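Enquirer: need coordinates for the following:
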Amino acid sequence: MNNAKAVSDDTLWALETAPSMFLVLSADLYVLTASNLLLEELGVDLESIKGRYIFDAFPPNQAFAVGETKKSVIASIASAMQTRRTHYLEVQRYDIIQESSNGNFLERYWRISHTPVYDRLGELSYIVQTADNVTEEIIQKLYSDKIIQAHNSNLKQVDLLNRDLEKAHKDLLRLNSSLESDVAQRTAQLASSEMKYRNLIDYSPVAMQVFRGEELRFELVNAAMLQFLGKTDDIIGKTLFEGVPEIVGQPIVEALLGVYRTGKPLEIFSEKVILERDGIRTEGYYDVIYRALYEGSEITGVLGIAIDVTPQVLAQQSIIESEERFRTMAEGSDILISLIGTDGLLEYVNAAWLRLTGWSRENLQELAWEKFMHPDDISQVAATVAKGMQSREAFLSELRMLDTVGSFRWLRIKGTPRLGSNGIFAGFVCSGIDVTEEKQRLLEIEYINKALRSSNEKLQDSNLKLTENEEKLLIAFDAGELGSCSLDLRTGRADMSERYRRQYGLPLDGDITWEMVLQAVEAEFLDEVNVVLENAIKFGSPVDSTYAIRHLQTGERRWMRVVGKVYQGATGTNDWVYAVVMDVTAIKNDEQRKNDFIAMVSHELKTPLTSINGYTQLLQAKAKKGEPFDGLVFLDRIQVQLRKMTSMVNGFLNVSRLESAKIKLDKSKFDLSRLALEMEQEFASLVSSHSIEFAPGQEIWIEADRDKISHVISNFLSNAVKYSPRGSKITMDCVLNGNGATLRVSDEGIGVENSDIVKVFDRYYRVESESTSKISGFGIGLYLCAEIIERHNGKIGVESEIGSGSTFYFSLPVAD
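Expert: Numbers count the residues shown, from 1 in each chain. Next up is the predicted model:
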């Protein structure tokens, strides 16, 4: 395709979802996209037409003149592009295939327009072909035109016949005074005129008949009328009752006699008539026209014209009966049922609404229903209905409405789009139920939540000896988001909140049973969970259980705590459990990390203590024997082990001070580049296994706690030595970035996995792998670094690639 200019995917998508029917064409008339409404109306999918030439994209049908339509469309597009304005075509007919009809077509008429769309440079982007379905309008117009045309034609024919008769009558008067030969000639002319009159009626496609005399004797009955009556031409010469006996007693007879007796024309539309055709009584509906026939000023007969409108009347009756069935069903239902028009006004409310609100159906569209709604719900409901009107999709809303005693009732209203007989959106059918009791149950669950929070607060106050980690876990538990559930102990059916379902991986829609919940519980906890439920059923014992689950969707293992209360039914049996659930995985994980940390600290402190104890025993043995020895060597080694212990204890104390907010910053202005050089020189003198490089640059002055910043740099360098191979290079640089200073330490070590990068600054977190299993540490060094930098309003981070090394960095504001 040679498009004038490519159209963005976002533009095409926006056009596809627009609430109107149109095609988007390239300049050479290839289909770029189509709106969803047009695709749905034509019964085609986008992929079957996209990228195809417009006259090849759609299936041909009997009503589509390709040649003429193609010329019209091309001419319309050319006109639109020439004028740069929308060009409108005359109404075109294009029938669509009826679903499940073996290829039958539905008659459809369309009002088409073409609008060129240009970009800001004036270049053509695409052409929008809008198609409005005007089938109902055109069919009604064609039908009306047909009726009017037939009616006018018949009147003209009757008028011509009357004029011919009148002229013939005058001719007869003149002939009476003429010679015998002239009489014969005039008689022949009259016979010819009579024959024309009869031929006009006999060969008319409209059912016509002529009655003579008050007994309504058939004089002329054309073939169309005989077919309509289901009779043969032997009824000619018979009276109406003799030829069509089944018509006796029907209202149409009196109407016909009234025209004969008064001369007043009569037009009856959709008149019910019962006729006998081939021995079968048939009921139909007809538009009937009667005109008196005159001879001079005397009425001598009646001209009758009949048009069969039975299909239209039956279709209308079917619609009325359907509406009556709907209203009968709605009136007998306790569900709140109403109809809303496209203007948002009420068209109908059933008896349930009237009983609830005390409204009247009189002047329903003028009812200010907002006055009956809770003020806090008005804007939300109006927005929901407006959105539904715009998208023509179903909506759901909850609101409070005043009842007849002045109390607000909670209602849940669902609106479903309804279509008219022409398939056009006509508003919404709304159904609603009273959910006040359900809301009250939710309040009870909320009360349970409050009681649980209160219980946790009391537990926190009474447990003064809990560690700081345990206190934080309780606070996190108290502030955590909870899921709610009501379990029917009689049936095992559970009514769960969405959060509860998500926590277990259960379906978000549909019923939930207790067996479905148990599928998520780890096997090792099933007995415990079942015992808790059995005690609730038998003894009404409160529910308080903590257990592990396996998420049914992701397979992730999670820890859950469920707390609930048993409620008894009217018979005193334990019928319901209302419970809340909270995810306590973080608490369980923290407990495990704490236990691991205590075990690790015990192990790490045991090593220097063992060394000190050994050196002390050697000193004691040497002293007891009185042997000469160099005690300074032993004391130096003991001092080294004491320094290790002191370093570990200081690390723990710093963590404690940070978390208790007792650590203080002693800020001063200093050159960060100078501090980095000092740290490089210090480590170079102590570390011989690695090459440490630092190239001092310009002075970078910051205002910070010099000792604590040096601790961060020392930790970076120490980790680089521990986690990189001997003989590798460690580089450090310090640069100025605008209003900030950044210091980086890079190594050629083992690197950090992406999954660990987000956790390396967490307290007690250590990367667990085969390559790090023999490297000692407590997982507090980087945590302290992160806390120090954060208290300086700075930023800390790491960039790493497995097998290539890591770069740890921090940034701080420069001094004013």
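
Enquirer: list the contacts of I802.
Expert: I802 makes contact with I750, G751, V752, E753, according to CB atoms under 8 Å, 6 or more residues apart in numbering. Quick note: C-beta positions are derived from backbone N, CA and C, even for glycine.

Enquirer: go again with 10 Å.
Expert: I750, G751, V752, E753, N754, S769 (CB atoms under 10 Å, 6 or more residues apart in numbering).

Enquirer: of those, which belong to helices?
Expert: The members of the contacts of I802 that map onto helices under DSSP state H are N754.

Enquirer: next, format the contacts of I802 as JSON lines and append pLDDT and distance to R561.
Expert: Below are the contacts of I802 laid out as JSON lines (pLDDT from 0 to 100; distance: CB to CB, whole Å):
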{"residue": "I750", "pLDDT": "84", "distance to R561": "39"}
{"residue": "G751", "pLDDT": "85", "distance to R561": "38"}
{"residue": "V752", "pLDDT": "84", "distance to R561": "34"}
{"residue": "E753", "pLDDT": "84", "distance to R561": "32"}
{"residue": "N754", "pLDDT": "82", "distance to R561": "32"}
{"residue": "S769", "pLDDT": "52", "distance to R561": "32"}
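
Enquirer: can you tell me which of the contacts of I802 are buried?
Expert: I750, G751, V752 (16 or more other CB atoms under 10 Å).

Enquirer: same list, these, but as JSON lines with distance to P245 please.
Expert: Shown next, in JSON lines, are these (distance: CB to CB, whole Å):
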{"residue": "I750", "distance to P245": "110"}
{"residue": "G751", "distance to P245": "107"}
{"residue": "V752", "distance to P245": "105"}
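
Enquirer: quick one on the thing from earlier: turn the contacts of I802 into JSON lines, columns for distance to G388.
Expert: Output for these, formatted as JSON lines (distance: CB to CB, whole Å):
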{"residue": "I750", "distance to G388": "59"}
{"residue": "G751", "distance to G388": "55"}
{"residue": "V752", "distance to G388": "52"}
{"residue": "E753", "distance to G388": "49"}
{"residue": "N754", "distance to G388": "45"}
{"residue": "S769", "distance to G388": "55"}
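
Enquirer: and which of the buried ones among the contacts of I802 is nearest L216?
Expert: Distance to L216 across the buried ones among the contacts of I802 (CB to CB) is lowest for V752, with 107.9 Å.

Enquirer: wait, doesn't that closest one sit right on E801?
Expert: Yes - applying CB atoms under 10 Å, one finds V752 in contact with E801, separated by 8.7 Å.

Enquirer: domain ranges for the chain?
Expert: 9-133, 140-308, 321-434, 439-583, 591-659, 667-813 (automatic domain parsing).

Enquirer: most tightly packed of those?
Expert: domain 667-813 (a mean of 17; mean count of other CB atoms under 10 Å).

Enquirer: the residue nearest to the spatial centre of the chain - nearest residue in space that isn't next to it in sequence?
Expert: In the chain, the residue lying closest to the centroid (CA atoms, centre = their mean) is E393, at 8.9 Å. Nearest non-adjacent residue to E393, counting by CB to CB, 6 or more residues apart in numbering: P417, 6.8 Å away.

Enquirer: please tell me how far that neighbour sits from D705.
Expert: Distance, P417 to D705, by CB to CB, to the nearest Å: 67 Å.

Enquirer: got it, and I274?
Expert: For I274 relative to D705 (CB to CB), the value is 108 Å.

Enquirer: before we move on, what about A382?
Expert: Counting by CB to CB, the gap from A382 to D705 is 58 Å.

Enquirer: flag the helix or strand of the chain with the lowest per-element mean pLDDT.
Expert: helix 468-479 (a mean of 44; mean pLDDT, DSSP states H and E).

Enquirer: gap between the strand ranked longest in the chain and the chain center?
Expert: The longest strand of the chain (DSSP state E) is strand 280-295. Remark: strand 280-295 is offset 56 Å from the chain centroid, using CA atoms, centre = their mean, to the nearest Å.

Enquirer: each with direction, which strands does it pair with?
Expert: strand 266-277 (antiparallel), strand 298-308 (antiparallel) (DSSP bridges).

Enquirer: same list, the ones you listed, but as CSV with distance to G510 and mean pLDDT please.
Expert: Below are these laid out as CSV (distance: least, CB to CB, whole Å; pLDDT from 0 to 100):
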stretch, distance to G510, mean pLDDT
strand 266-277, 50, 76
strand 298-308, 53, 85
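
Enquirer: what's the closest of these to N222?
Expert: Among the strands paired with strand 280-295, strand 298-308 sits nearest to N222 (CB to CB), with 10.2 Å.

Enquirer: ok now the closest one, how far from the chain's centre?
Expert: For strand 298-308, the separation from the chain centroid amounts to 62 Å (computed by CA atoms, centre = their mean).

Enquirer: tell me which element the spatially closest residue to M21 that is not a sequence neighbour falls in.
Expert: Closest residue to M21 apart from its sequence neighbours, by CB to CB, 6+ apart: L38 at 3.9 Å. Element membership of L38, judged by DSSP states H and E, is helix 36-42.

Enquirer: which other helices and strands does that helix contact?
Expert: For helix 36-42, the elements it packs on are helix 9-16, strand 22-25, helix 46-49, strand 96-97, strand 124-133, judged by 3 or more CB pairs under 10 Å, 6 or more residues apart in numbering; DSSP states H and E.

Enquirer: so which of these comes closest to A34?
Expert: Per CB to CB, nearest to A34 of the helices and strands packed on helix 36-42: strand 22-25, 5.0 Å.

Enquirer: strands paired with that closest one, and their directions?
Expert: Checking strand 22-25 against DSSP bridges gives partners strand 31-34 (antiparallel), strand 124-133 (antiparallel).

Enquirer: tell me which of those sits nearest to V584.
Expert: Checking the strands paired with strand 22-25 against V584 by CB to CB gives strand 31-34 as the closest, at 50.9 Å.

Enquirer: just the C-alpha atoms of that closest one, please, in PDB.
Expert: Extracted C-alpha coordinates of strand 31-34, given in PDB (Å, rounded to 0.1, in the frame of the first residue of the first chain):
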ATOM      1  CA  VAL A  31      -8.300  -0.500   5.000                       C
ATOM      2  CA  LEU A  32      -6.100   0.600   7.900                       C
ATOM      3  CA  THR A  33      -8.500  -0.200  10.700                       C
ATOM      4  CA  ALA A  34     -12.200  -0.100  11.600                       C
END
